Every structure is written in C-alpha cells, then in structure tokens.
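1. pasting a predicted model and its sequence here:
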Amino acid sequence: MAFATKADIRLHLLCVFFAVGSFVWGYNVGILSSVLVHPGFVRAMGHLNPSRKGVITAIYYLGTCYVFVSHPVSDAFGRRYAALAGIFIVAVGNAFECGAAGPRAYSLMIVGRITSGLGVGMLSTSVPLYQSEVAPAGKRGRYVVLNHVGFVAGLACGFWVGYGVTFWNGSEYDIYVSWRVSLAVILLPCAIFATGLPFLPETPRWLIEHDKYEEARRSLEWLREGSFTDEQIGAELAHIREDVENHRASGTNWLSLFRDPSLFSRLWRASLLQFMAQMCGATAMKYYLPTLFAKLGLPTRVTLMAGGIESTLKIGMTVIEMVLIDRLGRRITLTTGCVAMGFGMLINGVLGQAYPDNTNGAADVACIVFIFVYAIGYSMGFGPAAWVYGSEIFPTSVRARGLNFSASGGAIGSIVVAQVWPVGIETIGSKIYFFFMAVNFVCIPIILLFYPETKGWPLEDMDLLFNKGAAVRIRGDAGEHTEPLLPRNSSRPSRS
C-alpha cells in the first residue's frame, strides 16, 4: 500500500490553496449569472436588452490586456506576487460593481467588470503557472487540474449564493441591497488568498531564472521531501538550471514565441485550444444558464437551484478528471469531452425544434439532463485540460508570456460567445445549439491531428516533443521520450 509522503501532502495543500485564486474567478462568473436575473439588478441597470446584457458579460474579457500586464509582473516579481496583484485588482473591480447605482449604474458596472477582468486575467494565468512549475512531471496534470476544481467550486458557490439571495426579498431595500451583498461575498476568499500568498515558497524554476540558486534548492527540497532521493532532487535542479541557461544563451524572449518555429508551434496550439474551450459554448453555459433554464419555463428560483446543482456536479467530475488526466493523457480527455458536449448540444437543438415553446414537459426535462451531460463533458475535457496543456508546453523563460498570450485566445472566444448567445437565443431560438454542436465536433479531429500528447514529459523536455528535428520518436505516448525523474521506490516503465 502506498502512503502519502510529505511532498504529496505539501503539494496538494499548496495547489489547493492556489485554487482559492481560481475560486475567486469562478465565483465572479457564477454570481453574475444569478445577478443578471435579479429584479434589483435589472431595475438598477434600467431593464437590459439582450445586447446590453451581452456587453456586461463580454466586457469582462476586455481584460485580455492582462497579456501586457500579467507576464511582466509574473516574470519580474514571481508567480505568487502576480497572483497577489491580481486578487487586489479583483477586489477593486468588485467595489465598482457593488456600488453601481443611479443614472451611472450601467457605466459603473462596466468599469467594475473591466477591472475585475484584468485581475482575474492575472489570476487565471499565474495560478496554473505556479502549479505546473512545482509539480513533478508524472503528476503534473493532477495538480494543475486543481486550478479547475477551484474554478468550478467558485462557480457552484456563486450559483448557490444567488439562489439563497432569492429568499432575501422582504422589502424594497432588500431587493436593492441583496444582489450587491452577493457580489461582495467574494471579498472574503480574496482576503484569505492575499494573506497567505507571501508565506508560500516561490517556484524553483522562477528562482533559478533569477539566479537565486540556493533558494531554488531549498524550495525544491521542500517540495520533493520524502518522494524523491537527494540524487534525484539534485538531478532535477541541475536539469532545470541547464534548461534555463540554454534558453538564456539562445537569447530567447517574448518575440521568440512568434519568430522561433518550435515556440510558435506551441503558441498557436495553446491559443487555439483556449479559443476552442470557450467557443464550444462554455461561456454561454456559465453566464446564461439561469436565463437558459428560464426559457424552458422554470421560475427564477428553480433556475438558480438547477444551476447550482449543475455546477456542483462539475466539481465531482473535475475531481475524477484529476485521477484520469495523468493516466489517459490530455488528448483522450479532450476528445471524449468534445463528444459529450457535442451530443448534449445536439439533443437540446433537436428537442427545441421538435417541441417549440415548451409544449412537452418530458422534452424540457430531457433538455435539462443533456445540459448536465454537456457540463460533465466540459469538466472532464476542455475545462481543466486546456489549462494543463498551456501551462506545461513552454520553456521557463517564456512560460508566463506563452500562457498569457494563449489565454487571450480564450478571452477572445468568450467575447464572441457572450455576444452571440443572448442575441442568437432571442432570434433563432434552439437552432443556436447546432452551431455549438458543430464547433465541438470539429474540435475532435483538430485535437487528434495537431496536439501531441504531453503526459509524463518533464517541462524541460518539451523542446524535444515540439522540435521536429530532434532525434526522438513522437508517437503520442509518454513511453517514447526521455524518462522523467521518478519518485522514491518507483520502477521505470519498460520501453516496448
């Protein structure tokens, strides 16, 4: 029987704590979906039409400008302090949102959404970046998936808080203040996250890149204690240092992501993966789920409860993904998720056309069930795996920049979907599902043709995987590459 080592316990606790940052991101998404249908918010904003509602949702992703802010902060001050800056900016944006009132309510909400988007942009890249850099190669997927566990936990919490707020409607004042309090709840995890970050170790890779070798050694020893021998820790440290020095000698900088064929091949893959992860319909499901359920004839309170159940289900599915992603690999989980999502969209589109205007109760129930099927597919596919893949394929010297640039692909996809969905559902009804069904099915061959498997590859060996000139066979399985360091008492896989 295998027992958890000090390193296992520390890494899990460390990555769980960083998932609090992702929780803040998820809560921001989940609570807005309930705020959008809250009578106090609707009154304050002046009864939004679908287009203006889409702007409130999509403007959040104007935070794509974090691509110019997040990576300099992350590279200059470390992964922890980039996350700290992000959480502070989120809190400022939240203050604008909570204070939106009077004739300028809509404008204040827009300012708050842009500001929060900037902060969440920094969080959404610095958290998986940290997790990928502290995790050993063979377990990296598991630890980075904790990023998405935090996100879906925040998403579910946002829905449940929104559901609870529907009972706070005794007076005009209650209606005025309740949705603001539901937004302000996020300040509690913000405070917890900000308080703990300065006390955590920085990643060994960032420390070595900044010539802090002794600190890097202490950090790596603390992260690997009990799981790896001293010789393995020394070899990993030397491997990281060699990789950093090689890239430094090569003159690699952020422009290399566009000029170097090997790096550009990773950049467009990571960016496209993030774009597909949102174009599959995820943004619509996250923000407009209560609105969508309302189209099926459900009352507001029931729609929020259904959204809470759907988001809570995602937590369990993402935990399962933690176990599967390092065993099955990134490609299998991504394509399986696309199949489930595409099928869920297909059924919703067909039933909506066969039984328009909610004329069949059984069909409405089936639609809800297959929305849950969609959620399962996303939570076991694009949701966690897109971040795992993007956080592990770039070399240390440009990892923060690469992840930031690629994350902007997801932001662009989110802006498109946030604008298309509310207008589309109003104009063409359930036919909009067929568009997202097609996107999911098209993603399958793209993943199989253009995305090599990264399961089990050390971060420092990704150059071999993406460099077609390297004398190494790439068959899509981890058994064909340079062997990663293995934990104490582990045997190496046979080469067959």
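-> Nice, thanks for sending it over. Residues are numbered from 1 along each chain as shown.
2. only C-alpha atoms for contact and neighbour calcs from this point on.
-> Noted.
3. now the helices: where do they sit in the stretch 151-300 of the chain?
-> With DSSP state H, counting those that start in this stretch as the criterion, the stretch 151-300 of the chain has helices at 172-184, 187-196, 204-209, 213-224, 230-249, 256-259, 261-279, 282-295, 300-328.
4. report the buried residues of the longest one.
-> By neighbour count with 16 or more other Cα atoms under 10 Å, helix 300-328 contains the buried residues 300-301, 303-308, 310-319, 321-322, 324-327.
5. next SSE downstream of it?
-> Downstream of helix 300-328, the first helix or strand assigned by DSSP states H and E is helix 330-354.
6. sorry, back to before: mean pLDDT lowest for which of the helices of the stretch 151-300 of the chain?
-> Across the helices of the stretch 151-300 of the chain, helix 282-295 has the smallest mean pLDDT, namely a mean of 68.
7. closest to residue 5 out of the helices of the stretch 151-300 of the chain?
-> helix 213-224 (9.0 Å; Cα to Cα).
8. report the angle between the closest one and helix 230-249.
-> Going by axes from the mean of the first three to the mean of the last three Cα atoms, to 10 degrees, helix 213-224 is angled at 130 degrees with respect to helix 230-249.
9. helix 213-224 packs against which elements?
-> Secondary-structure packing of helix 213-224 (3 or more Cα pairs under 8 Å, 6 or more residues apart in numbering; DSSP states H and E): helix 6-35, helix 204-209, helix 230-249.
10. buried stuff in it?
-> Neighbour counts over helix 213-224 (16+ other Cα under 10 Å) mark 213, 215-217, 219-221, 223-224 as buried.
11. check what contacts stretch 214-223 and list those residues.
-> 7, 10-11, 134, 201-205, 207-208, 233, 237 (Cα atoms under 8 Å, 6 or more residues apart in numbering).
12. can you name the farthest residue from the center of the chain?
-> Most distant from the centre of the chain: residue 171, at 38.2 Å, with distances by Cα atoms, centre = their mean.
13. so residue 89 is in contact with residue 114, correct?
-> No: under the criterion of Cα atoms under 8 Å, residue 89 makes no contact with residue 114, lying 10.2 Å away.
14. comparing these two, which residue is more hemmed in?
-> Comparing residue 89 with residue 114 by other Cα atoms under 10 Å, the one with more neighbours is residue 114, at 24 against 21.
15. once you drop chain neighbours, what's closest to that one?
-> Nearest residue to residue 114, sequence neighbours excluded (Cα to Cα, 6 or more residues apart in numbering): residue 60, at 4.9 Å.
16. who's in contact with the one you found?
-> 113-118.
17. out of these, which is nearest to residue 275?
-> residue 117 (16.8 Å).
18. and the closest one, which helix or strand is it part of?
-> Here residue 117 sits within helix 105-134, counting by DSSP H and E.
19. need the contact list for residue 241.
-> Residue 241 neighbours (Cα under 8 Å, 6+ apart): 205, 208-209.
20. before we move on, the earlier item: mind putting the contacts of residue 60 into TSV with pLDDT and distance to residue 377?
-> Output for those, formatted as TSV (pLDDT from 0 to 100; distance: Cα to Cα, whole Å):
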residue	pLDDT	distance to residue 377
113	89	28
114	89	29
115	91	31
116	90	28
117	86	26
118	87	28
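21. how far away from the center of its chain is the helix holding residue 117?
-> Relative to the centre of its chain, helix 105-134 is centred 11 Å away, using Cα atoms, centre = their mean, to the nearest Å.
22. with stretch 134-153 instead?
-> 11 Å.
23. quick thing: my sequence starts at 41, can you match it?
-> Sure, I'll start counting at 41 from here, so that last one is stretch 174-193.
24. quick check: the gap between the closest residue in space to residue 249 that isn't next to it in sequence and residue 494.
-> Residue nearest to residue 249 in three dimensions, not counting chain neighbours: residue 284, with 6.2 Å by Cα to Cα, 6+ apart. Between residue 284 and residue 494 the distance, using Cα to Cα, to the nearest Å, works out to 20 Å.
25. what sits against residue 193?
-> Residues in contact with residue 193, defined by Cα under 8 Å, 6+ apart, are 63, 66-67, 351-352, 355.
26. name the nearest of those residues relative to residue 412.
-> For these, the nearest to residue 412 is residue 351 (8.9 Å; Cα to Cα).
27. leaving out chain neighbours, which residue sits closest to the closest one?
-> Using Cα to Cα, 6+ apart, the closest residue to residue 351 is residue 196 (4.5 Å).
28. which parts of the helix or strand residue 456 falls within are buried?
-> Per DSSP H and E, residue 456 falls inside helix 439-467. For helix 439-467, a neighbour-count test (16+ other Cα under 10 Å) marks 439-465 as buried.
29. what residues does stretch 429-447 touch?
-> Stretch 429-447 is contacted from outside by 106-107, 110-111, 114-115, 165-166, 168-169, 172, 245-246, 249, 283-284, 287-288, 292-294, 297, 303, 306-308, 310-312, 314, 370, 494, 499-500, 502-503, using Cα under 8 Å, 6+ apart.
30. re earlier: between the helices and strands packed on helix 253-264, which one is nearest to residue 379?
-> Nearest of the helices and strands packed on helix 253-264 (Cα to Cα): helix 46-75, 24.2 Å.
31. I'd like the mean pLDDT over that closest one, please.
-> 87.
32. how about stretch 483-496?
-> On average, stretch 483-496 scores 92.
33. how far out from the middle of the chain is that stretch?
-> 19 Å.
34. who's in contact with it?
-> Here stretch 483-496 makes contact (Cα under 8 Å, 6+ apart) with 177-181, 309, 316, 365-367, 369-371, 374-375, 378-379, 429, 433, 502, 505, 514, 516-518, 524.
35. of those residues, grab the buried ones for ChimeraX.
-> Applied in ChimeraX, the following selects the buried portion of the contacts of stretch 483-496 according to 16+ other Cα under 10 Å:
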select :177,178,179,180,181,309,316,365,366,367,369,370,371,374,375,378,379,429,433,502,505,514,516,517,518,524
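36. for residue 87, grab phi and psi.
-> Main-chain dihedrals, residue 87, degrees, to the nearest 10: phi 60, psi 80.
37. state the mean pLDDT of the strand or helix carrying residue 131.
-> According to DSSP H and E, residue 131 maps onto helix 119-138. Summarised as a single mean, pLDDT over helix 119-138 is 93.
38. which other helices and strands does that helix contact?
-> If you count contacts as 3+ Cα pairs under 8 Å, 6+ apart, helix 119-138 packs onto helix 110-117, helix 145-174, helix 212-224, helix 227-236.
39. neighbouring contacts of that helix?
-> By Cα under 8 Å, 6+ apart, helix 119-138 touches 61, 110, 113-114, 148-163, 166-167, 169-170, 220-221, 223-224, 226-227, 230, 233-234, 237-238, 240, 242-243, 246.
40. follow-up on the earlier one: report the buried members of the contacts of stretch 429-447.
-> Neighbour-count burial (16+ other Cα under 10 Å) applied to the contacts of stretch 429-447 gives 106-107, 110-111, 114-115, 165-166, 168-169, 172, 245-246, 249, 283-284, 292, 294, 297, 303, 306-308, 310-312, 314, 370, 494, 499-500, 502-503.
41. can you tell me how far residue 198 sits from residue 156?
-> Counting by Cα to Cα, the gap from residue 198 to residue 156 is 15 Å.
42. how far does stretch 367-382 sit from the chain's center?
-> 16 Å.
43. can you list contacts of that stretch?
-> Residues outside stretch 367-382 that contact it (Cα under 8 Å, 6+ apart): 320, 364-365, 413-422, 425, 429, 476-481, 483-484, 487-488, 491-495.
44. are any of the contacts of helix 119-138 buried, and which?
-> 61, 110, 113-114, 148-163, 166-167, 169-170, 220, 223, 226-227, 230, 233-234, 237, 242-243, 246.
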